[in-house]
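Visitor: Sequence plus the predicted model coming up.
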Amino acid sequence: MNPYTLIEKYFPDSNARTIILEHSRLVAHKALRIAQCLAAEIDLEFVEQAALLHDIGVCRISAPDIGCHGADNYLCHGIHGRAILEAEGFPRHALVCERHIGVGLTADEILTRNLPLPARAMGPTCIEEEIISYADLFYSKTPGKLTTEKSVEQVRSGLARFGAEKLVIFDQWLERFGNPCLPCG
């Protein structure tokens, strides 16, 4: 499997492709660094591939500032990514797309907040998914800020808007995976 071929296929607009590739490479690099620092059995090849593809569904959402002109809300990029990668024959990678939004979404949260998503659990369920979701929190796809790594405090501040339970998950990941802004040791 070549993630770059899939990204090229789904991002014909060179600006959007450049942004997604840069963001995804940064997330993949960070995720691999975190995974390598852990004393655990982690599928590093999967982590790299899935991290590179985690945002493939952005091609189907409306984000004109990054060159994407789909019809759906940004929040839907996870379910679109799942559909794309399932159709391409990569069901395990597809689940990363759906489950990487923030620190994950619950079915109750989707219903209560009336989010434009199917009412099902969409949170990481294995260590590889958690690592990719965690690494993703530290980077934006905002042009001009792509390579600027967010601090732990900035990530916490962004998650706080969605409730204290999101901070609890993030803090658990921070304790488990360490501060990814620092070298492992």
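Guide: Structure received.
Visitor: which residues in the protein form helices?
Guide: In the chain, the segments counted as helices under DSSP state H are 3-10, 14-37, 44-53, 77-87, 91-99, 107-112, 127-136, 152-160, 164-177.
Visitor: what's the angle from the last one to helix 14-37?
Guide: Right, helix 164-177. When axes from the mean of the first three to the mean of the last three Cα atoms, to 10 degrees is applied, the directions of helix 164-177 and helix 14-37 differ by 60 degrees.
Visitor: Ok, the third one next?
Guide: Here helix 44-53 runs at 150 degrees with respect to helix 14-37, directions being taken by the same axes, to 10 degrees.
Visitor: same check, this time on the fifth one
Guide: Helix 91-99 and helix 14-37 meet at an angle of 100 degrees, taking the same axes, to 10 degrees as the criterion.
Visitor: what lines up beside the lowest-mean-pLDDT helix or strand in the chain in the sheet?
Guide: Sorted by mean pLDDT, DSSP states H and E, the helices and strands of the chain end with strand 68-69, the least confident at a mean of 89. Here strand 68-69 has these sheet partners by DSSP bridges: strand 62-63 (antiparallel).
Visitor: Residues contacting the strand it pairs with, please?
Guide: Identification of contacts with strand 62-63 by Cβ atoms under 8 Å, 6 or more residues apart in numbering yields 68-74, 141. For the C-beta atoms, the positions are set from N, CA and C on the backbone; glycine is no exception.
Visitor: do the same with stretch 105-117
Guide: Applying Cβ under 8 Å, 6+ apart, the set of residues contacting stretch 105-117 from outside is 72-73, 75-76, 78-79, 118-123.
Visitor: From these, keep the buried residues only.
Guide: Neighbour-count burial (16 or more other Cβ atoms under 10 Å) applied to those gives 72, 75-76, 78-79, 122-123.
Visitor: Any buried residues in stretch 125-145, and which?
Guide: By neighbour count on 16+ other Cβ under 10 Å, the buried set for stretch 125-145 is 127-141.
Visitor: now stretch 7-24
Guide: Going by neighbour count (16+ other Cβ under 10 Å), the buried part of stretch 7-24 is 7, 10-11, 16-17, 19-21, 23-24.
Visitor: got it, and stretch 77-90?
Guide: For stretch 77-90, burial by neighbour count (16+ other Cβ under 10 Å) applies to 77-86, 88, 90.
Visitor: Please state the offset of it from the chain centre?
Guide: How far stretch 77-90 lies from its chain's middle: 13 Å, per Cα atoms, centre = their mean, to the nearest Å.
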